[in-house]
Structures are given as structure tokens and as C-alpha cells.
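Chemist: Give me a model of this one.
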Amino acid sequence: MQFSDLGLAPTITRALDEAGYTTPTPVQAASIPAALAGHDLLVSAQTGSGKTAAFLLLTLMKVSQRSTGSGNGPRVLVLTPTRELAQQVEKNAMQYAA
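Modeler: Numbers count the residues shown, from 1 in each chain. Alright, predicted model coming up:
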């Protein structure tokens, strides 16, 4: 299975390819299609399993689509328990959104 098989936007899969990511982890392969289909998720897995990337890829899909809501405020707010995780999330988001 490739990231392109998960239903992600071509711009996102292209950024993943350029970053050297072609194969989703088991967490990503299970969660991304389910979330894109509108299902709620509760994911628990070990560190390094790809949870952050799965969350960010879905978030990038959401913000890449035109908003149907009114207003000019932020469309995404990411809360993390530590500054280090916030820095990791920012770094990954910038890489995947390239």
C-alpha cells in the first residue's frame, strides 16, 4: 500500500514522496481512510508509530478544501502537552504541506 492509495490529495502525496515517505505505517493505513470517510477515531499506539503524521495529513486535507463556514479565524488549533511535541508537530506540518 502507498500513501497515494489512501485517498489523500495529490499535493500531499507528492510532498510525502519528496520527503521520502511512500509507505504508510499500520496506524496511518487504518486511520486515514476511516477519518476521510467521516468516522471518529480514538488511536493509541507506541511512540514512532505514525500517529502525528496521520493527524497532520488529515488536518492538511481539511484545510486544503474550501471552508463552508463563515468567519476569518483559524481553522485548526493543535494542542500538545509539551513544547518539544509542539515543535515536532510544526516541523512535520511544514514538511508535509510543502
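Chemist: residues in contact with I12?
Modeler: F3, L57, L60, M61, S64, Y96, A97 (C-beta atoms under 8 Å, 6 or more residues apart in numbering). C-beta: built from backbone N, CA, C; applies to glycine.
Chemist: CA atoms only: put the strand or helix carrying it into PDB for me.
Modeler: Assigned by DSSP states H and E, I12 falls within helix 10-18. C-alpha atoms of helix 10-18 as PDB (Å, rounded to 0.1, in the frame of the first residue of the first chain):
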ATOM      1  CA  PRO A  10      -2.100  14.600  -4.800                       C
ATOM      2  CA  THR A  11      -0.300  17.600  -3.500                       C
ATOM      3  CA  ILE A  12       0.100  15.900  -0.100                       C
ATOM      4  CA  THR A  13       1.200  12.600  -1.500                       C
ATOM      5  CA  ARG A  14       3.700  14.500  -3.700                       C
ATOM      6  CA  ALA A  15       5.200  16.300  -0.600                       C
ATOM      7  CA  LEU A  16       5.400  12.900   1.200                       C
ATOM      8  CA  ASP A  17       7.200  11.400  -1.800                       C
ATOM      9  CA  GLU A  18       9.700  14.300  -1.800                       C
END
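Chemist: what is the mean pLDDT for that helix?
Modeler: Mean pLDDT, helix 10-18: 89.
Chemist: Then stretch 86-98?
Modeler: Mean predicted confidence for stretch 86-98 is 89.
Chemist: about what we covered before: buried set for the helix holding I12?
Modeler: I12, T13, A15, L16 (16 or more other C-beta atoms under 10 Å).
Chemist: Closest one of the contacts of I12 to K51?
Modeler: Checking the contacts of I12 against K51 with C-beta to C-beta, the nearest one is L57 at 10.9 Å.
Chemist: and that closest one, how far is that from S70?
Modeler: 26 Å (C-beta to C-beta, to the nearest Å).
Chemist: And L58, by the same measure?
Modeler: According to C-beta to C-beta, L58 and S70 sit 23 Å apart.
Chemist: and if you look at A19?
Modeler: From A19 to S70 the distance is 35 Å (C-beta to C-beta).
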